[in-house]
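Asker: model this:
(one chain, ligands or ions: 2)
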Amino acid sequence: MSHITKSRLTQAQLDAHWMAYSGNRQFKKDPRIITSAAGKYYTDLDGKKIFDGLSGLWTCGLGHSVPAINEAVAEQVKTLDYSPAFQYGHEKSFLLAEQITEFMPEGLNRIFFTGSGSESVDTALKISRAYWRKKGMGTKTKFIGRAKGYHGSSVSGFSVGGIPANRTLYGQGLESYHLPHTQMPGTEFTKGMAEQGKERADDLLSLIMMHDASNIAAVIVEPMSGSAGVIVPPQGYLKRLREICDQHNILLIFDEVITAFGRMGAKTGAEAFGVTPDIMTTAKQVTNGIIPMGAVAFKQEIYDTFMEHGGPEYMLEVPHGYTYSAHPIACAAGLASLGEIKKQGLIERVNGMSAAWENSVHQLKDTSPIVTDIRNFGFAAGITIAPVDGEPAKRPFQIAMAMWEKGYYVRYGADTIQLAPPFTTEQDEIDSLINALGDTIKQLG
Ligand code: PXG
Ligand code: PLP
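Answerer: Numbers count the residues shown, from 1 in each chain. Ligands and ions are numbered 1, 2, ... in the order given. Okay, here's the model as predicted:
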(Lines give C-alpha, C1' and ligand atoms only; values in the text may rest on other atoms or scores of the structure.)
(Ligands and ions follow the chains in the order given, each with its own letter.)
Protein backbone atom coordinates (compact mmCIF):
# COMPACT_ATOMS: atom_id res chain seq x y z
CA MET A 1 0.00 0.00 0.00
CA SER A 2 1.39 3.42 -0.87
CA HIS A 3 1.33 6.10 1.79
CA ILE A 4 2.18 8.92 -0.55
CA THR A 5 -1.39 10.09 -1.15
CA LYS A 6 -1.85 10.51 2.60
CA SER A 7 1.23 12.68 2.91
CA ARG A 8 0.95 16.43 2.55
CA LEU A 9 4.36 16.37 0.91
CA THR A 10 4.65 16.93 -2.81
CA GLN A 11 6.97 14.85 -4.95
CA ALA A 12 9.20 17.93 -5.32
CA GLN A 13 9.47 18.26 -1.56
CA LEU A 14 10.28 14.58 -1.20
CA ASP A 15 12.92 14.89 -3.92
CA ALA A 16 14.54 17.93 -2.31
CA HIS A 17 15.81 15.97 0.69
CA TRP A 18 18.68 13.60 -0.18
CA MET A 19 18.20 11.20 2.74
CA ALA A 20 21.10 9.73 4.72
CA TYR A 21 21.91 6.01 4.31
CA SER A 22 18.58 5.45 2.59
CA GLY A 23 17.18 3.95 -0.58
CA ASN A 24 15.94 7.36 -1.74
CA ARG A 25 14.13 6.12 -4.88
CA GLN A 26 12.17 3.41 -3.10
CA PHE A 27 11.40 5.63 -0.09
CA LYS A 28 10.05 8.47 -2.22
CA LYS A 29 7.71 6.09 -4.04
CA ASP A 30 6.35 4.75 -0.77
CA PRO A 31 7.35 7.07 2.09
CA ARG A 32 7.32 5.84 5.64
CA ILE A 33 6.56 9.07 7.48
CA ILE A 34 6.68 9.16 11.26
CA THR A 35 4.60 11.91 12.86
CA SER A 36 5.15 11.45 16.59
CA ALA A 37 6.70 9.23 19.23
CA ALA A 38 5.98 8.55 22.89
CA GLY A 39 7.35 5.84 25.13
CA LYS A 40 8.28 2.77 23.07
CA TYR A 41 6.03 3.59 20.12
CA TYR A 42 6.01 5.76 17.01
CA THR A 43 2.86 6.91 15.24
CA ASP A 44 2.88 7.12 11.44
CA LEU A 45 0.79 9.22 9.05
CA ASP A 46 -1.99 6.65 9.08
CA GLY A 47 -2.20 6.92 12.86
CA LYS A 48 -0.72 3.42 13.21
CA LYS A 49 1.31 2.66 16.36
CA ILE A 50 4.72 1.15 15.68
CA PHE A 51 6.92 -0.53 18.30
CA ASP A 52 10.45 0.91 18.32
CA GLY A 53 12.50 -2.28 17.94
CA LEU A 54 15.83 -0.43 17.49
CA SER A 55 15.38 2.38 20.05
CA GLY A 56 15.57 4.94 17.22
CA LEU A 57 19.00 4.27 15.76
CA TRP A 58 20.32 2.70 19.00
CA THR A 59 19.77 6.15 20.50
CA CYS A 60 16.61 6.13 22.61
CA GLY A 61 17.02 3.43 25.28
CA LEU A 62 14.79 5.43 27.63
CA GLY A 63 12.01 5.52 25.03
CA HIS A 64 10.64 8.70 23.47
CA SER A 65 9.37 11.95 24.91
CA VAL A 66 10.76 11.27 28.40
CA PRO A 67 9.30 14.00 30.64
CA ALA A 68 12.51 14.64 32.63
CA ILE A 69 14.55 15.09 29.45
CA ASN A 70 11.91 17.19 27.71
CA GLU A 71 11.69 19.50 30.71
CA ALA A 72 15.47 19.87 31.01
CA VAL A 73 15.72 20.77 27.33
CA ALA A 74 12.79 23.21 27.48
CA GLU A 75 14.31 24.94 30.51
CA GLN A 76 17.74 25.15 28.87
CA VAL A 77 16.30 26.63 25.65
CA LYS A 78 14.83 29.44 27.74
CA THR A 79 17.97 30.03 29.84
CA LEU A 80 21.04 29.61 27.61
CA ASP A 81 20.38 28.52 24.03
CA TYR A 82 23.97 28.64 22.82
CA SER A 83 27.28 29.41 24.37
CA PRO A 84 30.57 29.68 22.45
CA ALA A 85 32.40 26.37 22.61
CA PHE A 86 35.90 27.82 22.38
CA GLN A 87 37.59 29.69 25.26
CA TYR A 88 34.33 30.27 27.22
CA GLY A 89 32.25 27.79 29.21
CA HIS A 90 28.94 27.07 30.87
CA GLU A 91 28.44 25.00 34.00
CA LYS A 92 26.50 22.10 32.56
CA SER A 93 29.36 20.78 30.40
CA PHE A 94 31.51 20.29 33.51
CA LEU A 95 28.67 18.63 35.39
CA LEU A 96 27.99 16.33 32.44
CA ALA A 97 31.67 15.47 32.01
CA GLU A 98 31.79 14.40 35.64
CA GLN A 99 28.54 12.46 35.25
CA ILE A 100 29.95 10.62 32.21
CA THR A 101 33.12 9.64 34.10
CA GLU A 102 30.86 7.85 36.58
CA PHE A 103 29.79 5.56 33.73
CA MET A 104 33.38 5.05 32.53
CA PRO A 105 35.82 2.39 33.65
CA GLU A 106 38.40 3.50 36.24
CA GLY A 107 40.94 5.86 34.72
CA LEU A 108 38.94 7.18 31.74
CA ASN A 109 38.24 10.52 33.37
CA ARG A 110 38.82 13.28 30.81
CA ILE A 111 35.88 13.99 28.48
CA PHE A 112 35.96 15.81 25.11
CA PHE A 113 32.56 16.74 23.66
CA THR A 114 31.58 16.38 20.00
CA GLY A 115 28.37 16.51 17.97
CA SER A 116 28.05 12.88 16.86
CA GLY A 117 29.63 9.44 16.78
CA SER A 118 31.53 10.28 13.60
CA GLU A 119 33.01 13.37 15.23
CA SER A 120 33.87 11.30 18.30
CA VAL A 121 35.82 8.88 16.10
CA ASP A 122 37.56 11.76 14.29
CA THR A 123 38.51 13.20 17.68
CA ALA A 124 39.88 9.90 19.01
CA LEU A 125 41.99 9.31 15.89
CA LYS A 126 43.36 12.86 15.64
CA ILE A 127 44.19 13.00 19.34
CA SER A 128 45.94 9.60 19.10
CA ARG A 129 48.29 10.89 16.44
CA ALA A 130 48.85 14.18 18.27
CA TYR A 131 49.54 12.33 21.53
CA TRP A 132 52.42 10.34 20.03
CA ARG A 133 53.79 13.47 18.42
CA LYS A 134 53.69 15.29 21.77
CA LYS A 135 55.67 12.37 23.18
CA GLY A 136 58.27 12.67 20.45
CA MET A 137 56.99 9.66 18.48
CA GLY A 138 55.58 11.44 15.44
CA THR A 139 56.00 8.44 13.14
CA LYS A 140 53.13 6.66 14.93
CA THR A 141 50.36 7.64 12.48
CA LYS A 142 48.80 4.48 11.00
CA PHE A 143 45.56 3.02 12.30
CA ILE A 144 44.29 -0.53 12.66
CA GLY A 145 40.55 -1.11 12.33
CA ARG A 146 38.67 -4.36 11.82
CA ALA A 147 36.69 -6.03 9.05
CA LYS A 148 32.94 -5.36 9.49
CA GLY A 149 33.71 -2.45 11.82
CA TYR A 150 31.59 0.71 11.61
CA HIS A 151 33.10 3.96 12.82
CA GLY A 152 30.90 6.56 11.20
CA SER A 153 30.77 8.51 7.98
CA SER A 154 33.69 10.92 8.13
CA VAL A 155 36.81 10.39 6.04
CA SER A 156 38.62 8.99 9.08
CA GLY A 157 35.62 6.83 10.00
CA PHE A 158 35.32 5.16 6.61
CA SER A 159 39.10 4.63 6.56
CA VAL A 160 39.18 2.56 9.74
CA GLY A 161 35.73 1.10 9.07
CA GLY A 162 35.51 -2.37 7.60
CA ILE A 163 32.12 -2.57 5.87
CA PRO A 164 33.09 -2.77 2.17
CA ALA A 165 29.98 -1.00 0.84
CA ASN A 166 30.79 2.04 3.00
CA ARG A 167 34.33 2.30 1.60
CA THR A 168 34.36 1.44 -2.09
CA LEU A 169 33.10 4.75 -3.48
CA TYR A 170 35.37 7.09 -1.60
CA GLY A 171 38.93 6.57 -2.75
CA GLN A 172 41.93 7.23 -0.60
CA GLY A 173 41.35 7.64 3.12
CA LEU A 174 43.69 7.69 6.12
CA GLU A 175 46.34 4.98 6.09
CA SER A 176 44.57 2.11 7.85
CA TYR A 177 44.81 -1.66 7.96
CA HIS A 178 42.26 -4.12 9.21
CA LEU A 179 42.08 -7.06 11.59
CA PRO A 180 39.82 -9.93 10.52
CA HIS A 181 36.32 -9.91 12.03
CA THR A 182 35.37 -12.44 14.67
CA GLN A 183 32.28 -14.02 13.13
CA MET A 184 33.71 -17.54 13.13
CA PRO A 185 32.30 -20.39 11.03
CA GLY A 186 30.84 -23.01 13.36
CA THR A 187 29.73 -20.49 16.00
CA GLU A 188 26.30 -19.82 14.48
CA PHE A 189 23.48 -19.50 17.03
CA THR A 190 25.89 -18.98 19.93
CA LYS A 191 24.18 -17.32 22.87
CA GLY A 192 26.34 -14.41 24.02
CA MET A 193 30.12 -14.77 23.67
CA ALA A 194 31.55 -17.64 21.62
CA GLU A 195 34.39 -19.82 22.92
CA GLN A 196 36.19 -19.86 19.57
CA GLY A 197 37.77 -16.83 17.95
CA LYS A 198 40.10 -15.36 20.57
CA GLU A 199 43.05 -16.27 18.33
CA ARG A 200 41.90 -13.73 15.75
CA ALA A 201 43.33 -11.05 18.07
CA ASP A 202 46.78 -12.48 17.29
CA ASP A 203 46.42 -11.20 13.74
CA LEU A 204 47.35 -7.87 15.30
CA LEU A 205 50.84 -9.31 15.75
CA SER A 206 51.11 -9.92 11.98
CA LEU A 207 50.02 -6.33 11.26
CA ILE A 208 52.58 -5.04 13.76
CA MET A 209 55.22 -7.24 12.13
CA MET A 210 54.34 -5.75 8.74
CA HIS A 211 54.06 -2.07 9.70
CA ASP A 212 56.07 -1.90 12.92
CA ALA A 213 54.66 -0.49 16.15
CA SER A 214 56.76 2.65 15.64
CA ASN A 215 54.37 3.54 12.78
CA ILE A 216 51.06 2.59 14.40
CA ALA A 217 49.10 5.12 16.47
CA ALA A 218 46.05 3.13 17.54
CA VAL A 219 43.81 0.12 17.17
CA ILE A 220 40.09 0.95 16.99
CA VAL A 221 37.34 -1.65 17.47
CA GLU A 222 33.75 -1.73 18.60
CA PRO A 223 33.75 -4.06 21.61
CA MET A 224 30.53 -5.43 20.09
CA SER A 225 30.04 -4.54 16.42
CA GLY A 226 26.60 -3.01 16.02
CA SER A 227 25.99 -1.92 12.43
CA ALA A 228 27.45 -5.08 10.88
CA GLY A 229 24.76 -7.04 12.70
CA VAL A 230 25.64 -7.47 16.38
CA ILE A 231 28.93 -9.34 16.35
CA VAL A 232 29.79 -10.26 19.92
CA PRO A 233 33.48 -10.58 20.88
CA PRO A 234 34.72 -14.13 21.46
CA GLN A 235 35.75 -14.94 25.02
CA GLY A 236 39.22 -13.56 25.77
CA TYR A 237 39.50 -11.70 22.45
CA LEU A 238 39.40 -8.11 23.73
CA LYS A 239 41.75 -8.98 26.60
CA ARG A 240 44.25 -10.34 24.08
CA LEU A 241 43.99 -7.13 21.97
CA ARG A 242 44.65 -5.15 25.15
CA GLU A 243 47.76 -7.25 25.98
CA ILE A 244 49.22 -6.85 22.50
CA CYS A 245 48.58 -3.08 22.44
CA ASP A 246 50.29 -2.76 25.84
CA GLN A 247 53.28 -4.83 24.77
CA HIS A 248 53.76 -2.71 21.63
CA ASN A 249 52.90 0.76 22.92
CA ILE A 250 49.81 1.18 20.73
CA LEU A 251 46.66 2.99 21.93
CA LEU A 252 43.49 0.93 22.14
CA ILE A 253 40.27 2.77 21.24
CA PHE A 254 36.87 1.24 21.95
CA ASP A 255 34.17 2.73 19.75
CA GLU A 256 31.20 2.53 22.11
CA VAL A 257 28.81 4.77 20.18
CA ILE A 258 26.24 1.96 20.45
CA THR A 259 27.42 0.03 23.49
CA ALA A 260 27.95 2.78 26.11
CA PHE A 261 25.30 3.83 28.66
CA GLY A 262 23.26 0.67 29.11
CA ARG A 263 22.71 -1.28 25.87
CA MET A 264 25.03 -4.07 27.10
CA GLY A 265 23.37 -4.37 30.51
CA ALA A 266 26.47 -2.64 31.87
CA LYS A 267 27.67 0.95 32.02
CA THR A 268 29.81 0.32 28.92
CA GLY A 269 31.00 -2.52 26.71
CA ALA A 270 34.33 -2.15 28.50
CA GLU A 271 32.61 -3.00 31.77
CA ALA A 272 30.53 -5.80 30.24
CA PHE A 273 33.59 -7.47 28.70
CA GLY A 274 36.06 -6.55 31.47
CA VAL A 275 38.64 -4.73 29.32
CA THR A 276 39.57 -1.04 29.60
CA PRO A 277 40.68 0.90 26.51
CA ASP A 278 42.83 4.05 26.51
CA ILE A 279 40.15 6.05 24.70
CA MET A 280 36.41 5.47 24.39
CA THR A 281 34.12 7.11 21.83
CA THR A 282 30.43 7.54 22.65
CA ALA A 283 27.35 9.36 21.26
CA LYS A 284 23.69 8.34 20.70
CA GLN A 285 22.46 7.26 24.16
CA VAL A 286 24.29 10.08 25.95
CA THR A 287 21.34 12.42 25.24
CA ASN A 288 18.84 9.62 24.54
CA GLY A 289 18.93 10.87 20.95
CA ILE A 290 16.96 14.04 21.65
CA ILE A 291 19.84 16.34 20.57
CA PRO A 292 23.00 15.36 18.67
CA MET A 293 26.00 14.91 20.95
CA GLY A 294 29.08 12.74 21.31
CA ALA A 295 31.62 12.39 24.08
CA VAL A 296 35.11 10.92 23.99
CA ALA A 297 36.66 9.65 27.22
CA PHE A 298 40.45 9.67 27.55
CA LYS A 299 42.66 8.17 30.20
CA GLN A 300 44.15 10.90 32.29
CA GLU A 301 47.71 10.35 31.12
CA ILE A 302 46.71 11.36 27.57
CA TYR A 303 45.16 14.61 28.81
CA ASP A 304 48.13 15.28 31.09
CA THR A 305 50.55 14.80 28.19
CA PHE A 306 48.84 17.63 26.29
CA MET A 307 48.80 19.86 29.39
CA GLU A 308 52.49 19.23 30.10
CA HIS A 309 53.49 20.00 26.52
CA GLY A 310 51.01 22.85 26.08
CA GLY A 311 53.40 25.81 25.98
CA PRO A 312 52.38 29.09 27.66
CA GLU A 313 49.09 28.82 29.57
CA TYR A 314 47.16 31.16 27.28
CA MET A 315 47.89 28.82 24.34
CA LEU A 316 45.63 25.97 23.13
CA GLU A 317 46.90 22.54 24.14
CA VAL A 318 45.22 20.98 21.11
CA PRO A 319 43.77 22.78 18.09
CA HIS A 320 40.66 20.61 17.75
CA GLY A 321 36.95 21.02 18.41
CA TYR A 322 33.53 21.75 17.01
CA THR A 323 31.19 24.73 17.01
CA TYR A 324 28.72 22.47 18.79
CA SER A 325 31.16 20.87 21.27
CA ALA A 326 29.43 20.86 24.69
CA HIS A 327 26.31 22.56 23.28
CA PRO A 328 24.33 23.72 26.34
CA ILE A 329 21.06 22.13 25.22
CA ALA A 330 22.81 18.83 24.53
CA CYS A 331 24.50 19.03 27.94
CA ALA A 332 21.14 19.62 29.64
CA ALA A 333 19.69 16.65 27.74
CA GLY A 334 22.73 14.53 28.65
CA LEU A 335 22.48 15.31 32.36
CA ALA A 336 18.77 14.42 32.34
CA SER A 337 19.25 11.24 30.26
CA LEU A 338 22.10 9.82 32.31
CA GLY A 339 20.27 10.89 35.46
CA GLU A 340 17.18 8.93 34.36
CA ILE A 341 19.22 5.83 33.48
CA LYS A 342 20.56 5.85 37.04
CA LYS A 343 17.29 6.81 38.73
CA GLN A 344 15.26 4.18 36.91
CA GLY A 345 17.96 1.51 37.45
CA LEU A 346 17.91 0.73 33.73
CA ILE A 347 21.36 -0.81 33.47
CA GLU A 348 20.43 -3.35 36.13
CA ARG A 349 17.09 -3.86 34.38
CA VAL A 350 18.68 -4.62 30.99
CA ASN A 351 21.18 -6.91 32.70
CA GLY A 352 18.38 -8.70 34.54
CA MET A 353 16.28 -9.19 31.42
CA SER A 354 19.06 -10.06 28.98
CA ALA A 355 18.72 -13.83 29.56
CA ALA A 356 15.00 -13.65 28.75
CA TRP A 357 15.78 -11.54 25.66
CA GLU A 358 18.39 -14.10 24.60
CA ASN A 359 15.94 -17.00 24.93
CA SER A 360 13.26 -15.14 23.00
CA VAL A 361 15.44 -14.10 20.05
CA HIS A 362 16.99 -17.56 19.72
CA GLN A 363 13.50 -19.02 19.26
CA LEU A 364 13.67 -17.53 15.76
CA LYS A 365 16.14 -20.28 14.83
CA ASP A 366 13.34 -22.75 14.27
CA THR A 367 11.07 -20.47 12.26
CA SER A 368 12.72 -21.02 8.88
CA PRO A 369 15.88 -22.41 7.25
CA ILE A 370 16.58 -18.89 5.89
CA VAL A 371 17.62 -17.90 9.43
CA THR A 372 21.31 -18.89 9.29
CA ASP A 373 22.66 -17.25 12.45
CA ILE A 374 21.47 -15.39 15.56
CA ARG A 375 23.72 -13.37 17.85
CA ASN A 376 22.88 -11.46 21.02
CA PHE A 377 24.25 -9.51 23.97
CA GLY A 378 22.54 -7.25 26.49
CA PHE A 379 19.47 -5.81 24.78
CA ALA A 380 20.80 -6.30 21.22
CA ALA A 381 20.42 -9.04 18.63
CA GLY A 382 21.44 -9.68 15.02
CA ILE A 383 19.71 -12.24 12.80
CA THR A 384 21.41 -13.32 9.57
CA ILE A 385 19.08 -14.10 6.68
CA ALA A 386 20.19 -16.34 3.79
CA PRO A 387 20.49 -14.38 0.53
CA VAL A 388 18.31 -14.82 -2.56
CA ASP A 389 19.80 -14.84 -6.08
CA GLY A 390 23.00 -13.07 -5.09
CA GLU A 391 20.99 -10.22 -3.53
CA PRO A 392 21.96 -10.48 0.14
CA ALA A 393 20.26 -7.24 1.15
CA LYS A 394 16.85 -8.02 -0.39
CA ARG A 395 15.23 -10.33 2.13
CA PRO A 396 16.15 -8.21 5.18
CA PHE A 397 14.59 -5.22 3.35
CA GLN A 398 11.43 -7.21 2.63
CA ILE A 399 11.23 -8.39 6.22
CA ALA A 400 11.66 -4.86 7.60
CA MET A 401 8.97 -3.48 5.27
CA ALA A 402 6.52 -6.22 6.22
CA MET A 403 7.27 -5.60 9.89
CA TRP A 404 6.61 -1.87 9.46
CA GLU A 405 3.22 -2.68 7.97
CA LYS A 406 2.49 -4.87 11.01
CA GLY A 407 3.53 -2.11 13.45
CA TYR A 408 7.13 -2.96 14.29
CA TYR A 409 10.26 -0.97 13.41
CA VAL A 410 13.36 -3.14 12.99
CA ARG A 411 16.69 -2.26 11.37
CA TYR A 412 17.84 -3.99 8.21
CA GLY A 413 21.39 -3.75 6.94
CA ALA A 414 23.42 -6.01 4.65
CA ASP A 415 22.24 -9.58 5.28
CA THR A 416 20.92 -8.99 8.79
CA ILE A 417 17.97 -7.82 10.82
CA GLN A 418 19.01 -5.92 13.94
CA LEU A 419 17.03 -5.52 17.13
CA ALA A 420 17.71 -3.23 20.10
CA PRO A 421 14.51 -2.54 22.04
CA PRO A 422 14.17 0.24 24.62
CA PHE A 423 15.64 -0.54 28.05
CA THR A 424 12.14 -0.45 29.53
CA THR A 425 10.74 -3.16 27.22
CA GLU A 426 8.48 -5.70 28.96
CA GLN A 427 8.43 -9.43 28.30
CA ASP A 428 5.04 -9.26 26.51
CA GLU A 429 6.47 -6.63 24.14
CA ILE A 430 9.48 -8.86 23.46
CA ASP A 431 7.15 -11.79 22.76
CA SER A 432 4.99 -9.76 20.41
CA LEU A 433 8.04 -8.41 18.52
CA ILE A 434 9.64 -11.85 18.17
CA ASN A 435 6.36 -13.56 17.19
CA ALA A 436 5.71 -10.95 14.50
CA LEU A 437 9.26 -11.31 13.21
CA GLY A 438 9.03 -15.11 13.22
CA ASP A 439 5.74 -15.02 11.26
CA THR A 440 7.20 -12.53 8.77
CA ILE A 441 10.32 -14.63 8.17
CA LYS A 442 8.17 -17.77 7.76
CA GLN A 443 6.06 -16.07 5.11
CA LEU A 444 9.21 -15.25 3.12
CA GLY A 445 11.16 -18.46 3.45
N1 PXG B 1 30.74 4.38 15.66
C2 PXG B 1 29.86 3.39 15.88
C3 PXG B 1 30.29 2.13 16.57
C4 PXG B 1 28.53 3.55 15.45
O5 PXG B 1 27.65 2.57 15.63
C6 PXG B 1 29.13 5.74 14.62
C7 PXG B 1 30.42 5.53 15.06
C8 PXG B 1 28.80 7.05 13.94
O9 PXG B 1 27.93 7.81 14.69
P10 PXG B 1 27.09 9.00 13.99
O11 PXG B 1 26.41 9.67 15.16
O12 PXG B 1 28.05 9.91 13.33
O13 PXG B 1 26.12 8.35 13.02
C14 PXG B 1 28.15 4.76 14.81
C15 PXG B 1 26.75 5.00 14.31
C16 PXG B 1 22.71 0.78 12.52
C17 PXG B 1 23.26 2.17 12.59
O18 PXG B 1 21.58 0.60 12.21
C19 PXG B 1 24.35 2.41 13.36
C20 PXG B 1 24.87 3.68 13.41
C21 PXG B 1 24.29 4.73 12.73
C22 PXG B 1 23.16 4.46 11.96
C23 PXG B 1 22.64 3.18 11.89
O24 PXG B 1 23.43 -0.17 12.82
N25 PXG B 1 25.97 3.83 14.19
N1 PLP C 1 33.29 25.02 7.52
C2 PLP C 1 33.36 26.35 7.79
C3 PLP C 1 33.43 27.32 6.65
C4 PLP C 1 33.33 26.78 9.13
O5 PLP C 1 33.41 28.09 9.42
C6 PLP C 1 33.21 25.82 10.17
C7 PLP C 1 33.15 26.24 11.58
O8 PLP C 1 33.38 27.37 11.96
C9 PLP C 1 33.17 24.47 9.85
C10 PLP C 1 33.20 24.09 8.52
C11 PLP C 1 33.11 23.42 10.92
O12 PLP C 1 31.83 23.37 11.48
P13 PLP C 1 31.61 22.61 12.87
O14 PLP C 1 32.43 23.34 13.90
O15 PLP C 1 30.13 22.75 13.12
O16 PLP C 1 32.05 21.21 12.68
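Asker: residue 74: helix or strand, and which one exactly?
Answerer: Element membership of residue 74 [criterion: DSSP states H and E] is helix 67-79.
Asker: show residues contacting that helix.
Answerer: Identification of contacts with helix 67-79 by Cβ atoms under 8 Å, 6 or more residues apart in numbering yields 62, 92, 287-288, 290-291, 328-329, 331-333, 335-337, 339-340. C-beta here means a position set from N, CA and C on the backbone, and glycine is covered the same way.
Asker: residues near the residue in the stretch 101-250 of the chain that ligand 2 sits nearest to, how many?
Answerer: For the stretch 101-250 of the chain and ligand 2, the shortest gap (Cβ to the nearest ligand atom) falls at residue 115, measuring 6.7 Å. Residue 115: 20 surrounding residues under other Cβ atoms under 10 Å.
Asker: and the gap between it and residue 154?
Answerer: Remark: distance between residue 115 and residue 154 (Cβ to Cβ, to the nearest Å) = 11 Å.
Asker: same check on residue 338?
Answerer: For residue 338, the distance to residue 154 - Cβ to Cβ - is 25 Å.
Asker: who's more crowded, these two?
Answerer: Each of residue 338 and residue 154 has its neighbours counted (other Cβ under 10 Å); residue 338 has more, 22 against 19.
Asker: buried residues in the helix or strand following the helix holding residue 74?
Answerer: For helix 67-79, the succeeding helix or strand toward the C-terminus, using DSSP H and E, is helix 91-103. Going by neighbour count (16 or more other Cβ atoms under 10 Å), the buried part of helix 91-103 is 92-93, 96-97, 99-101, 103.
Asker: ok, back up a step: now list the buried members of the contacts of helix 67-79.
Answerer: Here, 16+ other Cβ under 10 Å leaves 62, 92, 287-288, 290-291, 328-329, 331-333, 335-337, 340 buried among those.
Asker: list the contacts for residue 384?
Answerer: If a contact means Cβ under 8 Å, 6+ apart, then residue 384 has 188, 229, 371-374, 415-416 as its contacts.
Asker: selecting buried members of those residues in ChimeraX, what would you type?
Answerer: This is the ChimeraX syntax for the buried subset of the contacts of residue 384, where burial follows 16+ other Cβ under 10 Å:
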select :229,371,373,374,415,416
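Asker: so can I have JSON lines of the contacts of residue 384 showing secondary structure?
Answerer: Shown next, in JSON lines, are the contacts of residue 384 (DSSP: H, G, I helix; E, B strand; the rest coil):
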{"residue": "188", "secondary structure": "coil"}
{"residue": "229", "secondary structure": "coil"}
{"residue": "371", "secondary structure": "strand"}
{"residue": "372", "secondary structure": "strand"}
{"residue": "373", "secondary structure": "strand"}
{"residue": "374", "secondary structure": "strand"}
{"residue": "415", "secondary structure": "coil"}
{"residue": "416", "secondary structure": "strand"}
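Asker: looking at the contacts of residue 384, which one is closest to ligand 1?
Answerer: Taking Cβ to the nearest ligand atom as the measure, ligand 1 lies nearest residue 229 of the contacts of residue 384, at 8.1 Å.
Asker: surely that closest one touches residue 413?
Answerer: Yes: counting by Cβ atoms under 8 Å, residue 229 touches residue 413, with 6.8 Å between them.
Asker: list the buried ones in the helix holding residue 74?
Answerer: 68-69, 72-73, 76.
Asker: and the angle for that helix with helix 91-103?
Answerer: 150 degrees (axes from the mean of the first three to the mean of the last three Cα atoms, to 10 degrees).
Asker: up against ligand 1, what does the stretch 1-150 of the chain have?
Answerer: Neighbours of ligand 1 within the stretch 1-150 of the chain, by Cβ under 6 Å from any ligand atom: 57-58, 116-118, 121, 150.
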